[in-house]
Structures are given as C-alpha cells and as structure tokens.
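J.: A structural model of the following input is requested.
(chains A, B, C and D, ligands or ions: 6)
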Amino acid sequence: MKKLINNPEDVVKESLQGVALAHADLVKVHYDPDFVVRTDAPVQGKVGIISGGGSGHEPMHGGFVGKGMLDAACPGAVFTSPVPDQMLAATKAVDGGKGVLHIVKNYTGDIMNFEIAAELAAAEGIEVAVVVTNDDVAVKDSLYTAGRRGVGVTVLLEKIVGAAAEGGADLAEVKRIAEKVNAQGRSMGMALTSCTVPHAGKPTFELPDDEMEIGIGIHGEPGRRRVKIASAAEVATMLADPILEDMHLQSGDNVLAFVNGMGGTPQIELYVMYNELAKILQGKGVNITRNLVGSYITSLEMAGCSFTLLKLDDELTSLWDAPVLTPALRWGA
Amino acid sequence: MKKLINNPEDVVKESLQGVALAHADLVKVHYDPDFVVRTDAPVQGKVGIISGGGSGHEPMHGGFVGKGMLDAACPGAVFTSPVPDQMLAATKAVDGGKGVLHIVKNYTGDIMNFEIAAELAAAEGIEVAVVVTNDDVAVKDSLYTAGRRGVGVTVLLEKIVGAAAEGGADLAEVKRIAEKVNAQGRSMGMALTSCTVPHAGKPTFELPDDEMEIGIGIHGEPGRRRVKIASAAEVATMLADPILEDMHLQSGDNVLAFVNGMGGTPQIELYVMYNELAKILQGKGVNITRNLVGSYITSLEMAGCSFTLLKLDDELTSLWDAPVLTPALRWGA
Amino acid sequence: MQITAQHVITFLETVAARIKERRDELTQLDSAIGDADHGVNLDRGFTTVLAKLPTVADKDIGAILKTVGTTLVSTVGGASGPLYGTAFLRAGMAVADRFELGPDDVAAALEAALEGIQARGKSTRGEKTMIDAIGPGVDALKAALAAGDDFVIALRKSVAACEAGMQATIPMLATKGRASYLGERSIGHQDPGATSAHLMATVMLEVVEKA
Amino acid sequence: MQITAQHVITFLETVAARIKERRDELTQLDSAIGDADHGVNLDRGFTTVLAKLPTVADKDIGAILKTVGTTLVSTVGGASGPLYGTAFLRAGMAVADRFELGPDDVAAALEAALEGIQARGKSTRGEKTMIDAIGPGVDALKAALAAGDDFVIALRKSVAACEAGMQATIPMLATKGRASYLGERSIGHQDPGATSAHLMATVMLEVVEKA
Ligand SMILES: Nc1ncnc2c1ncn2[C@@H]1O[C@H](COP(=O)(O)OP(=O)(O)O)[C@@H](O)[C@H]1O
Ligand SMILES: Nc1ncnc2c1ncn2[C@@H]1O[C@H](COP(=O)(O)OP(=O)(O)O)[C@@H](O)[C@H]1O
Ligand SMILES: [Mg+2]
Ligand SMILES: [Mg+2]
Ligand SMILES: [Mg+2]
Ligand SMILES: [Mg+2]
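T.: Ligands and ions are numbered 1, 2, ... in the order given. So this is what the prediction gives:
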C-alpha cells in the first residue's frame, strides 16, 4: 500500500490535525468525540447545519464547514459512518436556539448512528430535523431495500441549505429547501481504479487494466456492472443517460452540472468530461446555468468521476450564489 | 492506459473547451494558437502577466487566469512547452500599454520558446520583462547546467505578482517582486507512482510497490534517487530538510507553507503531510503565517506531493492576501 | 447449570480476542460486497470493551451487557455499531440486576437482542444480514431447550443452525446494508455480519462447554 | 553532383515518414531520461511540415528550409522545437535563393545549422544532447570533402561519425536539457535528440545515394 500516512489507525486524526492547523481562521477541530466546527459556533439565532459520514471523501464534509455552509461535520473512520457521540456533541456545539438540521447520506450505518444521536439530542431538548440524501440513480430504489445512496447532491445540498440558514430561514424552511434539493438532484458515478482503505491495506476490488466499474458509490464498493474501458464521450453517456431518464428534464430547464473527481483523477480529465456532459445537455436543450468541476466528494485515491445534475429555479440559484467561506468552497468572501 | 479521454491528441484542446464552458464568466479560450485569457483583457494601464508551460499540470496555469493573478496562460502539449506563437499572441492580447511580464519555469524548452516569443513581441514594440522560476532544491544548481527547475514557487509567484500588477505596479516593480518571490522560495517533491503521458500510453517510469522517487519534477521524470517507501513523517523530513538547508531560515521567520498534491493524491493525505511539515517548522521556530494545501501544480495522475516554503515579509503577505478571482484560486471576491 | 458474570466476562474477552484474530478475514468478506471495514470496526469496538471490562467486573450481568452495548454504539460506527450495540443493550435489559442466568434466561436475552437488531435495522430474515445467522440460532436454542435438551446440547444445535444460516447468506440477494447496492452481484458472497455473529455464537458455546 | 530542391523535398518527406515510424522508440528514449514526448513532438512538427511542402514545392532551397524551420518552431514546442527550428532556419539562410547545392554548400548549411543549435541551446559538445551527434557528423563531412572524397563517400563517413557520436551519449552525464535533472542517473541512456539527429543524417545519405 502506497500512501502518505503514518499508522493507518491515525490517518483520520492526523489529517484533522492538519486541517485544524491549516484553517484555524475558519474552523476548530474537537477530538473525542471528533468533529470539525465553525470557529464562531454556535451562531445564536441561526439554524445549525451539521453533516457527517465516513472519512475518505475529503473535502466532504470537513472542508465544507464555515460561514454559509456547515456549522459542523462529524468524520468517522475511513468509509465508516461516525458514532452517535460525535453527532450529539456537534449538535450541542452548533445549537443556536433555532434547532439543528442533520444532513445524512442514505447508508444504513449513517442513518442509524444519526438516528440515535437525534434521539439523544431530542432528549436533551434540542430540536433536530433530518434530511436524507439519496440521489444515486445507479441503485434501484424500493421500499423494501436500503434504497438509493446519497452521493454528489449532498455537496450541493450542504451549500444551498447552509446559505438558507445563514440567511435566517427557520428549521422548517431549511428542511423544506433541503428536501427540494434532494428531490431535484440525481447522480451517477464510475471508477477506473479501486481504492485502498488504509487499514485494509489492499484494493477493495481488483479491476483489470481494460475494465471499469459503472454505478459505483463513494466507499470503494464495486458498481452495478463492469464494462470494458471506453472513451470519455462514451463514459459521459453511460453516466448522463440514467440521470436524464430519471429526472425527466424538459428542454429549456436550467441545471447545475457538477462533474466530480473520485480523488485520483486529474483536472485535465474532469474538464474533458465536463465538455462531454455539456454537449449532451446542449443536445437536450437543457441549459447549464451553474457548474462545479473538481474533486469534492471522493473515495480516497480512486480514479473515476461522477456526474450530478440539480434542476435549478430562482430560489436554489440565488442560494447557490450566496457567499460561502469554507476550506474547500469559497466565493463572495 | 486508463484515462477519461477521447483521442490522446485531443486531450488538451477538449479540456480547454471544458474550461471555456465552465468558466466563461472568468476566462475566454483562444485556439490556434491556444491560450486562456481574462475576459476583460487587455486591462488598459495594467502590466500584463502571462505564463505558460506544458499541459498536465492543471490547474496551473490556465486555472490561475483571472482578476488578481494571470492575464493569460499558454498551454503546450502534455509536458511539452508551448510554442512561441502562443506566447506572442497572448502577449499581444494582454498588453494594456504598460508592458507584459513573462513568468517562465526554468526548463530548456520553456526558456527557448518564451525567448523567441519575447524577441518577436519586442520587434512589435511591446515591452516584455521575464522572470524565470528555479526553486527546485532537488536539482544541483550550476552555471554550466540547465540549472534548477521551476516548480511550486511558480504558483505563489503568479498569485503575488498578479496582485502587484492589479494594484498598479509598473513593469520594473512587478519584475522586482517576481524576482524576490523566486529568491525567497524553495521546493522539493516526491512521487509514490509514475504517471502516463496520454500519447505515450504507458507510465513514464516503473516504480515497484515498495519504492518511491525523491526529488522529482513535474513532468513525470524520475527523481534524484529511489528509496523504500516510508512514513509520512519520514517523507516530510526528506522533503523539508533540503529546503531548509538551502533557505537558512531563522527562528522567528514567517513563511507561507505550500503542501501540493501531484494529481493522484487525496486531500486526506495532503493534510497528514501538512501536519508533519507544521511540526518540523515548529521545531525550528519558524512561523507558518500563511498556507496553501491542495493539488495546484500537478503531473497528471501521479501520486505524491511537494513542499514549497516561501519566506514572507509584509509586502509579500499583503499581496498574497489581496483578492484573487480565478477558476482555481479565489478569495476576497 | 448457571451462567455467572464471570462467564460473561470470559465470553467477552474471548470474542474480543477472536475478532482480532479474524479481523482481516471479516474485512475481506466486507471488501467483496461492502466497504472493507467490518473486521476493523468490530475490532475497534471490542478492544474498547476489553479496556472497560475491569470497571464492571463486580457488576451484575445486565449492567455488564449494557456497558458493552453503549461502548459498541460509541466506538464502532457503521451499521454494525448500532446493531450489535442495540443487541447487547436489549440483552442487558432482559437480564437486568441478575448475577446468574439459567438457560432460559440466556435464550430470552438472545431473543431480545435479535428483536433489537431487527427494530434498529428495519430488517427481516432473508435480506443477507447478521439476522440470517442470529435468527435461526435463537430459534434452535429455544426449540432445543423446550424439548428438554441440556444447555450445552441445545447451544450446539443453536450454533449449528447459526452456521447454516450464515452459509445460507451466500446465495442470497442482499436487500439491506451496503451489499444491496450491488444488486445481483451481491449473490455468491457470505455476509460479513452473519459471519461475525456466528463467531460470537461459537465463543458462547465454548464458554458454556467449559463452565 | 548537385542537390536539387526536389532532393530536399524528398529528404523532408522521408524524414517525416521515418519519424512517424520511430515515434514511439524516440518517445521511449525520452521516457528514460526526459519526459516521454520527443518522438511525439517531432512527429507533430514534421506532419505539419509535410502538409506545408506543396506550398513551397516551386521555391528555392533556402526558402524551403526556412519554411521548415518556422513550421517546426511553431508546432513542436519543447526543447527540440526551437533547436531543430533554428537549425533549419540557419541552414536556409546559408543557402538563400539557391535551387541547386554542391557538396560544400550542403556542408556549409549543416555547419550553420549546428551553430544555430549551439547558440539557441547555449550548449557545447559533451553535454549529452543532439549536438554530440551533429557535431562529429559535420566535422567528418567537412574533413572528407577537404580530403577530396566523393560526396556519397563523404556523407557515409559523416553518418558513421554521427552514429558514433549518438552512441557516445550513452555513458555521458547530462548537463543540459531535462536529462541533467537526473544527475548521475542520466548515465547509461542514449540521448533522444542525438538519436533523431542521426535519423535525419541517415535519410540525407539515402537521398543522396539515390540521387
Ligand atoms: N439493516 C440491517 N439489518 C441487519 N443487519 C444489517 C443491516 N445493514 C447491515 N447489516 C449488517 O452489517 C454488516 C456490515 O457491517 P459494517 O461493515 O461494520 O458496517 P458498514 O456496512 O456501515 O460498513 C453487514 O454484513 C450486515 O450483516
Ligand atoms: N540546451 C540544449 N542544447 C542542445 N540540445 C538540447 C538542449 N536541451 C535539450 N536538447 C535536446 O533536446 C532533446 C529533448 O527534446 P524534447 O524531448 O522534444 O524536448 P523537451 O526536453 O522539452 O521535452 C534532448 O534529447 C536533447 O538532445
Ligand atoms: Mg463502513
Ligand atoms: Mg517535453
Ligand atoms: Mg462495512
Ligand atoms: Mg521530452
């Protein structure tokens, strides 16, 4: 295993220490239980926004803590959802008296650990609302299964909902907007290579030189199907088609197009993919009015990318444009 | 070769098309000769700042075009310095009547191609000044060799000099500041893996699973020596020691610490490395008063990182803090 | 025969040791249809449990099991943390204040644990989870005791049923947990949680056999 | 014998074809001590040259060579672009307005090319570059012609010297170009530019032999 780390057990903590040192102006890091929190938390009179999940997806979520986005983020072990103690402590740390929204990606572990934390927080008299993201069209949805995974939309949702809370929206309003974003966004991802969980020491799956995985999540899990490697144009179609089928976008609709790198894919390739996605949407008469290109929700060093489309209206557009000041996303400030 | 591309020949152009579509608010892309240029170029009465180099180092340089940084960037083929036609056209496009600074990384090819462009621009009556970055301590410097490579300092220099030009400094002043930054900055890099030039189709060098290259540049070239893989703490020492030996920093000095990813290294590892670097500098009594952590000057999908230290004074600090609005670096705007 | 708090401590110590031994095997199983952390998750949790045991050595069995449950919830994370945590919590509640347990008490505690997992996981049998190993194990234990089997015999039958249930997860299509994301591709792999559940069952048998 | 513009065109067409054939070999050499693009760079340049030849077919040799030079400068990039570009430009200036060249004219053009490369590259022999192949080749040609050798014989000696110079780059420590960054590790590899220079020399010989 080739990684710039010390002991696999210490990766998450040492990386958090680096974040604390590099971004002391924006965030503080609390240890045991671990969470990254805005330096000015709790912001009185503002709905608190927290998220969390396994580590290995950086910059998500810790990189999104700051003014206009998250109040706190709870990093679990690599690819392992955090424990309730973290979310409870973070919820208390960001509660400004107007309640706290938990942004949870739809994974059994995340759901259950946040659930327990919410129960405990409620017991301590903190009003908690929950939004679950489940935008991954690679997974067939059904009442009887774990349902779709939460992936790329989570990043966009954290930005938009963070802006709403910063703007003074109350908990119910923040939750409404959060659910709207989740309802209007869809994602699909692919991998050219696997990734290696530090404590596992070897790649989660083996992928021959001439094959790729289509329909992966963000935990190094294999995808829905394995196919021969193909051109950027073909890959773009494999990712965009299922999203478009699911979203029923009309010609003339406006979208935010998010081309995300999985961690080991260089920018030059992400822009090639963005170019392909733009061509596809242009063909459908869909307007890209906002975009995001970069590695924001990753699977360690996995090579690959994901597409996320979010249908925009004036409300979501202006919330997206609102200032944000975090280690990983920053504009207007 | 596993890459999200179409034809290797088209990677650079298609990636530029993606950039043009994604960042139309900030930059325009001119083709044949290729260069990325500020939408509002030429800015009258401002010194123009251009840079350029082989592609495959993204976001450098195209991602640094915009208000407060570069006026234009000239991307060559992957790892191949651009041709004089590009720099000549870019120089003309950004000339606001106060002359143009060429920021050139010290590679034989870059030097010669910029040299020819400068000769041609001068012939057309445009005043051109040149600064050559050569901050890589991995290379032994000497009058009789090609000298040190320009690496990480180039990113910091483009930001700082861009701020100076935006602030109204004249060409001589801009050149003075550029040379000061280059004189006060040093870098050293390492690779865990090689990278694959698209048209070459296979890794530039083979690296066993238990070895790494120390003292690499940014073109996938092998480094000065090959050693067994080591812990983050040990790697940090291998990179920081030669820099510190060369810089003679005093206890109490202020520096900008830049931990750069080579393209395939995830953020979680970069922050672990930043944590190690911070410990080393703390031990020397050197204060990190500014920092940058991320993949800003890369070698395609190479896994690895580089350290760059820049000695700061009030002038450089305030120029670093000045607003910048580019696709890859943005604050205060 | 009676199970004492000391037996429970021995059970927990042995489970912790066994998980450390089989940590990589469990993680490997999770690589195939999950995210390669199950063994690491449980090892992290039970290592902490081990450290906490001295503080509860003199407590009743219910208190010991509740401490294990909260410790697992607070240290494991993932899906198995809340699930095994809830399991031990519910088991502990089922035998609150007791310093000795008879076979039926053990069966009742295990049944409470099973219900706790199903409630927390919103899952039923046949979804390719730990429940597919625990469920049959609990059924077999109850049936054997009802039929008058001696405790050790009954536990042997229980472990056998548990093992069969674990193996039965191989051909199953997962509809819960990460494995469900693989759809058809989840078929043909043994569920990691079912495997760790079977590990605990075998340790329980060993401890009782030695009792 | 005399070299005509048509011979020069044939030379350029053959060089372009040969570089395409050996593109990957040249790139491989550059992988070892450079950045794996030399073959690709020259192929890009000479493919454009090929496309431009028809526009200069009726021009004098000087004009043809100057067009080649500017085309290489404008399309190759890297170190070899300005270097070979300057070489052809200087050669073209040396034989401006000429439609036919004698052996001494060719030698003069090649010497001008060599000086152009050294001026642009600020390099001398022994630094593990293309100069180490071109230099000896030019020397041998001049010496042989001075000794009264027939042109073909002289060119054969020149190519032989060029080849020896190319091979002599293998044990050299690079002090110019990317290879210099490798320090000691540059030793033991043949220089890509010296190799492409030798390729052009052999093509020149072939063309003249057929002339
Ligand atoms: N809804 C559920 N009900 C019961 N057991 C479940 C459920 N979801 C997952 N599991 C069990 O949890 C195991 C995975 O645990 P672990 O790998 O530690 O957590 P994660 O899946 O979050 O990485 C699975 O093998 C399965 O047996
Ligand atoms: N200063 C120099 N003088 C003469 N030849 C040089 C010089 N620097 C490099 N070269 C030649 O250029 C060749 C490399 O060309 P190429 O790979 O196309 O450019 P780059 O090195 O920029 O990638 C080297 O093999 C060497 O022969
Ligand atoms: Mg997990
Ligand atoms: Mg090159
Ligand atoms: Mg798991
Ligand atoms: Mg080269």
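J.: which ones are touching the closest residue in space to A:Y271 that isn't next to it in sequence?
T.: Taking Cβ to Cβ, 6 or more residues apart in numbering or on different chains, and ignoring the residues beside it in sequence, A:Y271 has B:G18 as its nearest neighbour in space, at 3.2 Å. Placement of C-beta: from N, CA and C, glycine included. B:G18 makes contact with A:270-275, A:278, A:293, according to Cβ atoms under 8 Å, 6 or more residues apart in numbering or on different chains.
J.: and the furthest pair within the residues you listed?
T.: Among the contacts of B:G18, the pair separated by the greatest distance (Cβ to Cβ) is A:L270 and A:A278, at 12.5 Å.
J.: state the three-state secondary structure for the residue nearest to A:Y271.
T.: Using DSSP: H, G, I helix; E, B strand; the rest coil, the structure places B:G18 in helix.
J.: give me the pLDDT for it.
T.: pLDDT, B:G18: 98.
J.: which parts of the helix or strand containing C:R156 are buried?
T.: Taking DSSP states H and E as the criterion, C:R156 maps to helix C:151-168. Applying a neighbour-count criterion of 16 or more other Cβ atoms under 10 Å in any protein chain shown, one finds C:151, C:154-159, C:161-163, C:165-166, C:168 buried in helix C:151-168.
J.: ok, those residues vs chain B, which is closest?
T.: Distance to chain B, by Cβ to the nearest Cβ, is smallest for C:M166 among the buried residues of helix C:151-168, at 34.3 Å.
J.: my guess is that closest one contacts C:M200. True?
T.: No. Taking Cβ atoms under 8 Å as the contact criterion, C:M166 and C:M200 are not neighbours in contact, 11.4 Å apart.
J.: so what sits against both of the two?
T.: Residues touching both C:M166 and C:M200 (Cβ under 8 Å, 6+ apart): there are none.
J.: in the chain, which spans are helices?
T.: Using chain A here. With DSSP state H as the criterion, chain A has helices at A:11-22, A:84-94, A:108-123, A:153-166, A:171-184, A:232-247, A:267-283, A:314-321.
J.: to clarify, I was referring to chain C.
T.: C:5-33, C:38-56, C:61-75, C:80-94, C:103-121, C:131-146, C:151-168, C:192-210.
J.: and the first one with helix C:103-121, angle?
T.: The one in question is helix C:5-33. Angular relation of helix C:5-33 and helix C:103-121 on a 0 to 180 degree scale: 40 degrees, by axes from the mean of the first three to the mean of the last three Cα atoms, to 10 degrees.
J.: check the last one too.
T.: Orientation of helix C:192-210 against helix C:103-121 (the same axes, to 10 degrees) gives an angle of 170 degrees.
J.: and A:N291, how many residues sit next to it?
T.: Close neighbours of A:N291, defined as other Cβ atoms under 10 Å in any protein chain shown, add up to 18.
J.: next one: it from chain C, what distance?
T.: According to Cβ to the nearest Cβ, to the nearest Å, A:N291 and chain C sit 27 Å apart.
J.: ditto for A:G252
T.: Taking Cβ to the nearest Cβ as the measure, A:G252 and chain C are separated by 34 Å.
J.: ok, the closest residue in space to C:T27 that isn't next to it in sequence - contacts?
T.: Once its chain neighbours are removed from consideration, C:T27 has its nearest residue in C:G39; the separation is 3.7 Å (Cβ to Cβ, 6+ apart). By Cβ under 8 Å, 6+ apart, C:G39 lies in contact with C:19, C:22-28, C:30, C:192, C:196.
J.: what about C:G39, distance to C:R22?
T.: Per Cβ to Cβ, to the nearest Å, C:G39 is found 7 Å from C:R22.
J.: A:D253 now?
T.: Distance of A:D253 to C:R22, given as Cβ to Cβ: 52 Å.
J.: now swap in A:M69 and tell me
T.: Using Cβ to Cβ, one obtains 41 Å as the distance from A:M69 to C:R22.
J.: likewise for C:D104?
T.: When distance is defined by Cβ to Cβ, C:D104 is 30 Å away from C:R22.
J.: the more surrounded of those two?
T.: Applying other Cβ under 10 Å to C:D104 and C:R22 shows that C:R22 carries more neighbours, namely 18 against 13.
J.: what about the residue in the stretch 201-333 of chain A that ligand 4 sits nearest to, how many residues nearby?
T.: When distances are taken as Cβ to the ion, the stretch 201-333 of chain A reaches nearest to ligand 4 at A:I268, 15.7 Å away. Applying other Cβ under 10 Å, we find 30 residues neighbouring A:I268.
J.: cool, and A:E119?
T.: Here the number of neighbours of A:E119 (other Cβ under 10 Å) works out to 12.
J.: distance check, it against ligand 4.
T.: Using Cβ to the ion, to the nearest Å, A:E119 is found at 61 Å from ligand 4.
J.: what's near enough to touch that residue?
T.: Contacts for A:E119 (Cβ under 8 Å, 6+ apart) come out as none.
J.: could you report the pLDDT at it?
T.: So A:E119 comes in at 94 (pLDDT).
J.: how close does it get to A:G223?
T.: A:E119 sits 34 Å away from A:G223 when distances are taken as Cβ to Cβ.
J.: and chain C, which of its residues are near chain A?
T.: C:27, C:31-37, C:40-41, C:44, C:73-83, C:120-121, C:175-178, C:180-183, C:185 (Cβ under 8 Å from any Cβ of the partner chain).
J.: swap in 6 Å and give it another go.
T.: C:27, C:31, C:35-37, C:40-41, C:74, C:77-79, C:82, C:120, C:175-178, C:180-181 (Cβ under 6 Å from any Cβ of the partner chain).
J.: who in chain C is up against ligand 5?
T.: With Cβ under 5 Å from the ion as the criterion, chain C meets ligand 5 at residues C:30, C:34-35, C:37-38.
J.: ok, the residue nearest to C:T27 to A:V197 distance?
T.: Summarising the geometry, the distance separating C:G39 from A:V197, computed by Cβ to Cβ, is 11 Å.
J.: identify the bridge partners of A:V324.
T.: When bridges are taken as DSSP bridges, the partners of A:V324 come out as A:W331.
J.: how close does it get to A:A72?
T.: Where A:A72 is concerned, A:V324 sits at a distance of 16 Å (Cβ to Cβ).
J.: quick one, which of the two is more surrounded?
T.: For the pair A:V324 and A:A72, the greater number of neighbours falls to A:A72 (30 against 23), based on other Cβ under 10 Å.
J.: which pLDDT does the model give the nearest residue to C:Y181 once chain neighbours are set aside?
T.: Nearest-residue entry for C:Y181: A:V139, 5.2 Å, with adjacent residues in sequence omitted and distances by Cβ to Cβ, 6+ apart. Predicted confidence (pLDDT) at A:V139: the value is 84.
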